[in-house]
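# A predicted structure for the sequence below; I have some questions about it.
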Amino acid sequence: MSLPAKMKGTTAEKRARRRRHRRRWQLAGAIAVVEGLVVAFSPHVTHWTVIGLAVVAVALYLTLGRRTHSHAAHEILWVFACSQTLALILAIVSLFVSWAAFALAALLALVVLVLLAIDR
């Protein structure tokens, strides 16, 4: 019975592989956070920009990244697609949070208005 390709290798090779995977997740997360901050504080970069980049990044990874013979190209396209997908998630969450904040502010204003109206 043969082991799958991912399970073959020495312990040092497995540790190195885990470290590379952890680093690429860290890099993708850092890029997503920076992009989320840019979207939050820049009037020129919108949520639509993030959506467009995420679509392009995932399409590139699915069409080129999974089929390439270059390990470096695969890793770069994976980090690009992952970071853009994480940034998209951040953008969507920020939209819901901002709408919730506006709804809460409107509700509080309504409560204050009612309290002012019933006060003599």
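Looks like it came in fine.

# quick check, central residue of this structure?
The centre of the chain sits closest to residue 86, judged by C-alpha atoms, centre = their mean, with a distance of 0.9 Å.

# distance-wise, check it relative to residue 56.
15 Å (C-beta to C-beta, to the nearest Å). The way it works is simple: take the backbone N, C-alpha and C, and place the C-beta from them, glycine included.

# kindly report the same for residue 79.
Taken as C-beta to C-beta, the span from residue 79 to residue 56 is 14 Å.

# what about those two, which has more around it?
residue 79 (20 against 13; other C-beta atoms under 10 Å).

# isn't that one up against residue 29?
No: if you go by C-beta atoms under 8 Å, residue 79 and residue 29 don't touch, sitting 10.0 Å apart.

# which residues are in contact with the closest residue to residue 49 other than its chain neighbours?
In space, residue 49 comes closest to residue 39 once its chain neighbours are excluded; the distance is 7.3 Å by C-beta to C-beta, 6 or more residues apart in numbering. By C-beta atoms under 8 Å, 6 or more residues apart in numbering, the contact set of residue 39 is 45-47, 49-50, 87, 90-91, 94.

# show the buried residues in those residues.
49-50, 87, 90-91 (16 or more other C-beta atoms under 10 Å).

# so which of these comes closest to residue 24?
The shortest approach to residue 24 among the buried ones among the contacts of residue 39 belongs to residue 87, at 15.5 Å (C-beta to C-beta).

# that closest one: which element?
helix 71-118 (DSSP states H and E).

# helices or strands up against that helix?
Packing partners of helix 71-118 (3 or more C-beta pairs under 8 Å, 6 or more residues apart in numbering; DSSP states H and E): helix 11-41, helix 47-60.

# quick one: distance of that helix to the chain centre.
12 Å (C-alpha atoms, centre = their mean, to the nearest Å).

# ok, now stretch 27-40?
Centre to centre, stretch against its chain (C-alpha atoms, centre = their mean), the figure for stretch 27-40 is 7 Å.
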